[in-house]
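Participant: sharing a model prediction with you, sequence too.
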Amino acid sequence: MRLRHTSALLIALPLLSMSAPAAGAAARPEKPYVARAVFTTGIVKREPVDDITTLTTDANHVYYFADVRNMAGQTVIQRWEYRGHIVSQVSFPVGGARWRVYSLKTLRPSQTGEWEASVLTRAGVTLAVNTFDYVRAHAKGAGASSGAPPQVHEQQ
């Protein structure tokens, strides 16, 4: 009886060791990346309420949300651009392997056209780029909510 139990144990040990990652692989850090990046009209419980590509001038604000990975202890930057000029840049310290950040941009009706926002590392490596079109409203109520949200920049 004892022999059977011992042989089963000897067979199980090699199987366990084959499934364990190599020591070098565990020590190698994963590359930073953005799992999701979207423009949205609101954030609820740290998540975007929608994913927009066009916004009308009935709305006066938009959020840029990003779900960054593998950047714990680093800084992530959200950069807003309009007509080729940087108009805003917000830095966030990243506190975990998965970290959600968002920034808010207040828009004026005269700022129609394409807007671009990007997610960058502190070293300037671009991780994501998104665009949306800000267009004139044709009819009352054609755009998103125009209520002014609090002027905050949030992180996880």
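Facilitator: Okay, I see it. Residues are numbered from 1 along each chain as shown.
Participant: ok, Q78 to N130 distance?
Facilitator: In this view, Q78 and N130 are 10 Å apart by CB to CB, to the nearest Å. C-beta here means a position set from N, CA and C on the backbone, and glycine is covered the same way.
Participant: joint contacts of those two?
Facilitator: Contact with both Q78 and N130 is made by residues 64, 117-118, according to CB atoms under 8 Å, 6 or more residues apart in numbering.
Participant: tell me where this structure has strands.
Facilitator: Counting by DSSP state E, one finds strands in the chain at the ranges 33-40, 43-44, 47-48, 54-56, 61-69, 75-82, 85-93, 98-106, 113-121, 126-135, 154-155.
Participant: going by mean pLDDT, which of these comes out lowest?
Facilitator: The minimum mean pLDDT among those belongs to strand 154-155 (a mean of 47).
Participant: which one of the shared contacts of Q78 and N130 sits closest to W99?
Facilitator: The closest of these to W99 turns out to be Y64 (CB to CB; 14.6 Å).
Participant: not counting its neighbours along the chain, what's nearest the closest one?
Facilitator: Distances taken as CB to CB, 6 or more residues apart in numbering place A117 nearest to Y64, at 4.2 Å, with adjacent residues excluded.
Participant: beta partners for the one you found?
Facilitator: W80, N130 (DSSP bridges).
Participant: quick one: contacts for it?
Facilitator: Residues near A117 by CB under 8 Å, 6+ apart: 37, 39, 64, 78-81, 103, 105, 129-131.
Participant: picking up where we left off before, of the strands of the chain, flag the one that's most buried.
Facilitator: For the strands of the chain, the largest average neighbour count (mean count of other CB atoms under 10 Å) is found in strand 61-69, namely a mean of 23.
Participant: pull up the pairing partners for that strand, direction included.
Facilitator: Paired neighbours of strand 61-69 in the sheet (DSSP bridges): strand 33-40 (antiparallel), strand 98-106 (antiparallel).
Participant: tilt between the shortest one and strand 126-135?
Facilitator: Put plainly, it is strand 33-40. On the basis of axes from the mean of the first three to the mean of the last three CA atoms, to 10 degrees, strand 33-40 is oriented at 10 degrees to strand 126-135.
Participant: what's the first-to-last distance across stretch 118-136?
Facilitator: For stretch 118-136, the first and last residues are 24 Å from each other (CA to CA, to the nearest Å).
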